[in-house]
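1. no FASTA, just this:
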């Protein structure tokens with residue numbers, strides 16, 4: 001019921017067009033990259049899918065994170081517009097349920113985006129690398145890993161958006177966090193595990209370091225912590241509002 005309600009709210013916003021635009025932009029990037037520099041990539045040694053992922057994922061991941069930022073801001077903009085949040089407080093609907101409904105909706109949208117991006121990377125590998133062995137299991141594993149490490153990013157951004165009545169404030173905070181993480185060196189494990197840095201990591205790189213369980217465990221813990229922080233914030237806000 002909550003998910004259906006959130007989907008109906010999104011029809012009056014630019015949420016779905018934003019998801020579609022981000023998916024198309026991120027998926028087009030590896031295609032354009034291969035059209036321009038196909039000989040460079042095909043001359044490299046290694047698994048074709050991993051080569052293309054390493055070459056394109058930084059830009060694709062940034063677009064995914066920006067989608068999470070914009071999506072969270074749009075989802076909560078409808079709540080604060082025309083005192084919608086105060087009106088929701090008098091309805092038999094828990095604010096926590098609304099929050100997690102938005103989280104599920106945004107994560108489902110990101111799953112579709114990640115699936116399309118991974119499929120395009122696989123299609124590029126199959127088209128430009130004659131020796132590429134198409135493996136649906138590997139592609140699904142990549143989608144699942146990238147989706148899992150995006151959970152804390154989405155959860156934290158929704159917490160920020162729920163605390164800011166002005167959409168431009170939460171959007172500004174999100175954009176600052178996105179570009180701040182790109183300034184620091186990515187070699188630090190602690191920085192790699194931060195919510196706005198983890199989505200830049202690829203499954204192949206994490207597997208080669210033997211840190212897949214670590215990333216999944218830390219991202220799951222961060223998601224739970226941010227969710228608990230939101231529940232505490234909602235109780236405090238309701239008491240002092």
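-> Thanks, I have it. From a predicted model like this one, the values you see are computed outputs, not experimental measurements.

2. wait, doesn't residue 181 sit right on residue 192?
-> No: Residue 181 is beyond contact range of residue 192, at 9.7 Å (criterion: CB atoms under 8 Å). All C-beta atoms are positioned from the backbone trio N, CA, C, and that covers glycine.

3. Mind listing the shared neighbours of these two?
-> Applying CB atoms under 8 Å, 6 or more residues apart in numbering, one finds that no residue jointly contacts residue 181 and residue 192.

4. after the helix or strand bottoming out on mean pLDDT in the chain, next one along is what?
-> Lowest by mean pLDDT, DSSP states H and E among the helices and strands of the chain is helix 84-89, with a mean of 60. The helix or strand immediately downstream of helix 84-89 is helix 95-128, counting by DSSP states H and E.

5. Packing partners of the helix or strand hosting residue 80?
-> Assigned by DSSP H and E, residue 80 belongs to helix 48-80. Judged by 3 or more CB pairs under 8 Å, 6 or more residues apart in numbering; DSSP states H and E, the packing partners of helix 48-80 are helix 2-10, helix 15-42, helix 84-89, helix 95-128, helix 136-148, helix 151-163, helix 167-183, helix 203-208.

6. Could you check how far the nearest residue to residue 59 once chain neighbours are set aside is from residue 55?
-> Nearest residue to residue 59 in three dimensions, chain neighbours excluded: residue 29, at 5.5 Å (CB to CB, 6 or more residues apart in numbering). Remark: distance between residue 29 and residue 55 (CB to CB, to the nearest Å) = 10 Å.

7. Next, count neighbours for the nearest residue to residue 142 once chain neighbours are set aside.
-> Nearest non-adjacent residue to residue 142, counting by CB to CB, 6+ apart: residue 203, 4.9 Å away. Other residues lying near residue 203 total 22 when counted by other CB atoms under 10 Å.

8. Give me the local confidence score for residue 203.
-> Among the per-residue scores, residue 203 shows a pLDDT of 91.

9. who's in contact with it?
-> Residue 203 makes contact with 53, 141-142, 145-146, 212, according to CB under 8 Å, 6+ apart.

10. Tell me the one of those nearest residue 164?
-> The closest of the contacts of residue 203 to residue 164 turns out to be residue 146 (CB to CB; 27.3 Å).

11. pLDDT score for the residue lying closest to residue 60 once chain neighbours are set aside?
-> Take residue 60 and drop its neighbours on the chain: the residue closest to it by CB to CB, 6+ apart is residue 26, 4.5 Å away. In this model, residue 26 is scored at 93, pLDDT.
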